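> I would like to see how this sequence folds:
(3 chains)
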Amino acid sequence: MDGLRRHKSMFLLPGLLTLFLIIIFPLLFTIRVSFSGWNVSNPSMDFIGGANYTAVLHDSRFWASITRLILLAGGTVLIQYVIGFGMALLVWREVRGRRFWRVLFLVPMMTTPVVMAAIWQTIFHESLGPANDLLGMLGLTRIPWLTESAPALFALMTVEVWQWTPFMFLLLLAGLLSLPKEPFMAAAIDGAGTWRTFWKVTFPLMAPVSVAAVVIRLIEASKLSDSVYVLTSGGPGSSTETPGYYLYIQGLRDQQTGYSGAMSLLYLVLMSVTLTVVATLLTRAFKLKGDS
Amino acid sequence: MRSRPYRALVAVAAVAALTATACTAQNQAQQKPKEKAGLFKPGSEISYQKYGKDYPATKVKDVPGPCSYDSISRKDYSGQTLKIISHAVPVIGEPTQLHAKQFEDITGGKVEVVNVPFGELHQKILTPLQAGQPAYDVMFYPSLWIGDMAPYLEPVPQEYLDTPGMKDVTEAYMDVATWNGKVVQYPVDGDRHYLKVRTDVLKDPEWKAAYKQATGNDLEVPKTWAEFQQIAQFFTGKDLDGDGKRNHGSAEVTKRDDLTFSAFISRAAPYVKNPDVKGGVFFDVETMKPLINTPGFVRALEDMVKAKSTWAPGGANFGLGDEIFSFGGGQTLMSYSWDDAFIQAQQPDSRIRNQVQAAPLPGSSEVYNRTTKSWDKKANQAPYFTWGWTSAVAKASRHQQMAFDYLCFFSNEANTALDLTIGRFGVNPYRYAHFDPAFWQEQGWEKDVAESYVLTLSGMEESRNRVFDLRVPGVNQYMSALANGIASAVAGQESPQQALDGVAREWSKITDQIGKDKVQSAYRDVVALEDNS
Amino acid sequence: MRSRLYPVFKYTVIALWACFVAGPFFWAMTTSFKNANAVQGGPTYLPWLQYEPTLTGWRNIFGGAGGVDVIHPFVNSAIVTVAASAISLALGSLAAYALSRYRFRLGFIKNSDIVFFFVSQRIMPPVVLVIPFFYLLQWGGLLDSIPGLVIVTIALLLPIAVWVMVDFFNGIPREIDEMAMLDGCGPFQTFVRAILPNSLPGLTVAAMFCAVFGWNDFFFAFRLTFTEVQTLPQAVVALNSSVPPWWTLSAAALFGVTPLILLAIWVERYLSKGNLSGAVR
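Here you go, the predicted structure:
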């Protein structure tokens, strides 16, 4: 038993300790700074009690952005999951040019988000970009992509879906490729059709991968900020402002380090709780389906 | 049995400790150049062509003086490295790099330049300064940040203040570079907002007649924001140049968190800067009560909301680049902002070259008086000296002489003359010598265009009713609160009054947080400039 | 069940998605050959037919006058990405293996909590962490250096590596461990000889994620370096000026994605050839 305990620690500790050592100081610093008035002209660790936290609780911009994030992150991740799964299924088995499609569908993920957002901004440019031009060619009306709230949210979600569907696609394709063959043979013997096979065999088997992929994407999508910054700067008005972007404005643009520290920690707690709940609910939902 | 994990811990800690010792305190004395033979004859011809074939073939003479090619090439900086942070390429970033290459070539020193987008520049410069990390020797940044930067800047030494180039810098830009009586910024650019219009339309008899018929007024370059609005409204949706595409009235910088605050102040200036009322435009300098929600500013924001209908598609989300593309591409009739749009429109390959004219920003027919709390019915003009690019040397730099020599070289007469002509460089007139129509005519500008340009700029210098930026510590916070209010009013989320009331509350909060005394004493300097005292 | 329309439907959907995916690249490609006039003239797509192409954008990123140098940053990015990914993968797969095979218990802390600790590092918004990281690296004299960037990048990548690998190790039957043990392998040998070869697909995916996130990290690299170490995203962003040169920016964006496209081809080959389903059973 001693040997085993020693070995399991030997496996775990190098990684755990490395991460711990890198992250501990920044984390403690953030906690401490959130109780200070550290700002652009007074970068010091004074102590002002919980004033920053009280201020965050009354910051309507922050809470409005959280509500908006639920729509943005939830919506895009759902779309990414559906499209990613669909595309993975389509190029999973026999299809012409399979390798070409697979590589092509991965590429958007490889691009640098800030840089691609700048390219997307030129695409959505209302008079110099191709988005409206293509609509015009199809005889449709031009859309004020970045200057009205509904189209701006749509544009933002488009960019997110474009960039991160490949992430889902890769995970789900890898999952599909490692499924065992027996359940499918059994289903075939039972004479189950494509649709039935999918719901009775493929989908339940893919449940663990699906949950993991959705949760990790939710984590990443919640930090949504680069594309907001480049495309709309949170506008029109404040209709595309996300917590990530608001934090960026407060923390880096205005250098309100203390205040944004409090905001980040509240955000961290909020997100950890939400994500844990979401993950539990998802797991339960998928399990139920698998059992039935 | 438990010793192993602990040993691992100790090992990692040891590694961390070892890396710590790599930190060596470097506090050596200032490094001076050696002397070497000059590479240029006095008055030799200078051109950028050698550094890239995309540069114009224009040649100018090296003007003798301490900053000239000749003098700088006599200094030997080999073995020294200068670190520079500048704005993204091309605006100011490209000249920074180009002059760095030239400086390397003629002095033998090494110059490293990093280019950073506007939104990141403030934090990227200030964090190392506050942490005491000697990251950069020379910094290029927007001049309105002087309040945040000044404590970390080395004042410009007397010998550089005495150079002919520096002596020729206009009074306004020397003022902009000064903090608490010391010149801490090295002027390399002059900026202001002014109006640009398309003369091929405004001087066209047919359009003039049509406009007269529709509005009862004569079509001229607008003198007030009301006229501006009427003209913009009239021309929006019409095809001005016969290319089959509809044109629009006005292009403005409106993207939130971009430079929209400057555009708004331009619109507000004539309503809020009353020559008879002293003591501050943004705040009452005595009480530090924000004035941003007073009727003058509200009127300007109402104007801006109204102007929305005259903007090109996407015009409510225009950054400076979009504005320039829109006006420069012939899509819009008028725009107002920095010189860049005008110089860009006058580039040799521009499609509207010599069909444009510069004019002072529109004024107003009445101006708010905050002492009497009423509108004074009199025509008012108030030029806005908005921020431009400036440069400075860090106190912590160990290469201060090399740094100042670089800036002195950057802004020498030959380089400046060439830089002024390249629109994307963003270097604009800031010396009295630059206000010479003949220079611009040599670049192929028509006489009228060159004269309108020079008169507009020099006229601003003569005005005694000027508005400057809010040059106080934490200016970014004030301006991002303002931008947020403007955006919400333009998007229709709040009325202009509500939006600016919100901004005023934010401003009070920010002042409390930064410290009233600190902001007040900085703001007194701005007010002193505005009140010509 | 399989109607004749199915293949038509299938290829239509694939083609539509492919157009959407490739569209922005096509746009960036065509923009990279334009100049200010071509851009201002409105959206055009075909060189020669609709606009006169120039090489300015491309010349600018390879030492031209109005651009930034991309070669040096490219090398830096490659070093940081490879080093940080390799370390993260090594440490991450060891930790993931432990978390998948053994039970840990320390007070109320269980395996799932440790996994959560790793993953939670990605929840924290990076904005505030930048300042303490700055002071940390300053204390270690590692600002503006490649080792400093590697350390910070590990903090970004290790959680991903652990998260991906735990899932894959969970999918590998314990019988494989037991067989290896019976053959006389110690725990470490079991891991190296029996488990790792069977989890190559997982490693491939994890390596790819590490490479993607490492290569594209702009946020930390940007704020923890000054002039000496520049990574590729920084070099590209240096072109996002207040008057952005769309053409140079597009060229640089395309240049930046090339190495990762090669990586994608390699990963895909692995996915196809390795026949992952075989490995797991």
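> could you check how far B:Asp258 is from B:Asp148?
B:Asp258 is 19 Å from B:Asp148, where distance means Cβ to Cβ, to the nearest Å. (Glycine included, C-beta is placed from N, CA and C.)
> ok, the most centrally placed residue in chain A - contacts?
Residue closest to the average C-alpha location in chain A (Cα atoms, centre = their mean): A:Ala221, at 2.0 Å. By Cβ atoms under 8 Å, 6 or more residues apart in numbering or on different chains, the contact set of A:Ala221 is A:Leu72, A:Ala73, A:Thr76, A:Val77, A:Glu160, A:Trp164.
> one more pass at 10 Å, please.
When contacts are counted by Cβ atoms under 10 Å, 6 or more residues apart in numbering or on different chains, A:Ala221 touches A:Leu69, A:Leu72, A:Ala73, A:Gly74, A:Gly75, A:Thr76, A:Val77, A:Gln80, A:Glu160, A:Trp164, A:Thr242, A:Gly244.
> how near is the last one to A:Gly234?
It refers to A:Gly244. Distance of A:Gly244 to A:Gly234, given as Cβ to Cβ: 11 Å.
> find the residues that touch each one of these two.
Common neighbours of A:Gly244 and A:Gly234 (Cβ under 10 Å, 6+ apart) are A:Ser65, A:Ser225, A:Val228.
> packing partners of the helix or strand encompassing the last one?
Applying DSSP states H and E as the criterion places A:Val228 in helix A:226-231. Based on contacts counted as 3 or more Cβ pairs under 10 Å, 6 or more residues apart in numbering or on different chains; DSSP states H and E, the elements that helix A:226-231 packs against are helix A:113-124, helix A:149-177, helix A:243-248.
> right, and the ones you listed - which one's nearest B:Ala345?
helix A:113-124 (20.7 Å; Cβ to Cβ).
> one step back: using PDB, list the CA coordinates for the helix holding A:Val228.
What follows is helix A:226-231 as a C-alpha-only set of coordinates in PDB (Å, rounded to 0.1, in the frame of the first residue of the first chain):
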ATOM      1  CA  ASP A 226     -11.700  40.000 -27.600                       C
ATOM      2  CA  SER A 227     -14.400  39.800 -30.300                       C
ATOM      3  CA  VAL A 228     -16.600  42.300 -28.400                       C
ATOM      4  CA  TYR A 229     -13.700  44.700 -28.100                       C
ATOM      5  CA  VAL A 230     -12.800  44.600 -31.800                       C
ATOM      6  CA  LEU A 231     -16.300  44.400 -33.300                       C
END
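> ranges for the helices of the stretch 101-250 of chain B?
Ranges of helices within the stretch 101-250 of chain B are B:118-131, B:146-149, B:158-161, B:164-167, B:171-176, B:199-202, B:205-215, B:225-235, based on DSSP state H, counting those that start in this stretch.
> need the winner for burial among those.
Looking across the helices of the stretch 101-250 of chain B with neighbours counted as mean count of other Cβ atoms under 10 Å in any protein chain shown, the highest average goes to helix B:146-149: a mean of 24.
> in TSV, list the shared contacts of A:Gly244 and A:Gly234 along with distance to B:Thr236, pLDDT and neighbour count.
Formatted as TSV, these follow (distance: Cβ to Cβ, whole Å; pLDDT from 0 to 100; neighbours: other Cβ atoms under 10 Å in any protein chain shown):
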residue	distance to B:Thr236	pLDDT	neighbour count
A:Ser65	34	94	23
A:Ser225	35	90	24
A:Val228	30	92	25
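> turn those residues into a markdown table, including distance to A:Arg98.
Converted to a markdown table, the shared contacts of A:Gly244 and A:Gly234 look like this (distance: Cβ to Cβ, whole Å):
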| residue | distance to A:Arg98 |
| --- | --- |
| A:Ser65 | 42 |
| A:Ser225 | 36 |
| A:Val228 | 36 |
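> and those residues, which is closest to chain B?
Lowest distance from chain B to the shared contacts of A:Gly244 and A:Gly234 (Cβ to the nearest Cβ) belongs to A:Val228, with 10.1 Å.
> tell me which residues touch the closest one, please.
By Cβ under 10 Å, 6+ apart, the contact set of A:Val228 is A:65, A:72, A:117, A:152, A:156, A:159-160, A:234-235, A:240-242, A:244-246, A:248.
> coming back round to it: among the helices of the stretch 101-250 of chain B, which is nearest chain C?
Distance to chain C, taken as Cβ to the nearest Cβ, is lowest for helix B:118-131 among the helices of the stretch 101-250 of chain B, at 5.4 Å.
> quick one: distance of the closest one to the chain centre.
From the chain centre to the centre of helix B:118-131 is a distance of 18 Å (Cα atoms, centre = their mean, to the nearest Å).
> can you list the residues of the stretch 101-250 of chain B near chain C?
When proximity is defined by Cβ under 10 Å from any Cβ of the partner chain, the stretch 101-250 of chain B lies next to chain C at B:101, B:111-120, B:123-124, B:127-128, B:130-137, B:243, B:245.
> try it again at 8 Å.
Contacts of the stretch 101-250 of chain B with chain C, taken as Cβ under 8 Å from any Cβ of the partner chain, map to B:112-118, B:120, B:123-124, B:127-128, B:131, B:133, B:135-136, B:245.
> kindly report the same for the stretch 301-450 of chain B.
So the stretch 301-450 of chain B meets chain C at B:319-321, B:324-325, B:328-330, B:340, B:344, B:347, B:349-351, B:424, B:426 (Cβ under 8 Å from any Cβ).
> filter the residues you listed down to the ones in helices?
Counting by DSSP state H, these place B:Leu320, B:Gly321, B:Ile324, B:Phe325, B:Gly328, B:Asp340, B:Gln344 in helices.
> by neighbours, which of those wins?
Among those, the one with the most neighbours (other Cβ atoms under 10 Å in any protein chain shown) is B:Gly328, at 30 neighbours.
> pLDDT wise, what is it at?
Reported pLDDT at B:Gly328 in the predicted model: 86.
> same check, this time on A:Arg5
For A:Arg5, the predicted pLDDT is 66.
> just the helices in the stretch 1-150 of chain A please.
Ranges of helices in the stretch 1-150 of chain A, per DSSP H, counting those that start in this stretch, are A:2-33, A:51-57, A:60-90, A:98-106, A:113-124, A:130-137, A:149-177.
> what residues sit buried inside the last one?
Of the residues in helix A:149-177, A:149, A:151-153, A:155-177 count as buried by neighbour count, 16 or more other Cβ atoms under 10 Å in any protein chain shown.
> go on, the shortest one?
Judged by neighbour count using 16+ other Cβ under 10 Å, the buried positions of helix A:51-57 are A:Ala51, A:Asn52, A:Tyr53, A:Ala55, A:Val56.
> stretch C:254-261 and chain B, any residue contact?
No: remark: stretch C:254-261 sits outside contact range of chain B, by Cβ under 8 Å from any Cβ, the gap being at least 15.2 Å.
> contacts for that stretch?
By Cβ under 8 Å, 6+ apart, stretch C:254-261 touches A:103, A:107, A:110-112, A:115, C:25, C:28-29, C:32, C:61, C:70, C:74, C:78, C:211-212, C:215, C:232-233, C:236.
> now list the buried members of these.
A:103, A:107, A:110-112, A:115, C:25, C:28-29, C:32, C:61, C:70, C:74, C:78, C:211-212, C:215, C:232-233, C:236.
> element containing the residue nearest to the centre of chain A?
Assigned by DSSP H and E, A:Ala221 falls within helix A:207-222.
> can you give me the strands for the stretch 1-150 of chain B?
For the stretch 1-150 of chain B, the strands defined by DSSP state E, counting those that start in this stretch cover B:34-35, B:45-46, B:60-61, B:75-76, B:81-87, B:110-116, B:138-142.
> so what's residue 43 up against?
Assuming you mean chain A. By Cβ under 8 Å, 6+ apart, A:Pro43 lies in contact with A:Thr257, B:Gln130.
> you answered for a different chain; I wanted chain C.
Taking Cβ under 8 Å, 6+ apart, we find C:Pro43 in contact with A:Leu128, A:Gly129, A:Pro130, A:Asn132, A:Asp133.
> against chain B, how distant is the closest residue to the third one other than its chain neighbours?
Of all residues beyond its chain neighbours, the one nearest A:Pro130 is C:Pro43 (4.6 Å), with distances taken as Cβ to Cβ, 6 or more residues apart in numbering or on different chains. For C:Pro43, the distance to chain B (Cβ to the nearest Cβ, to the nearest Å) stands at 12 Å.
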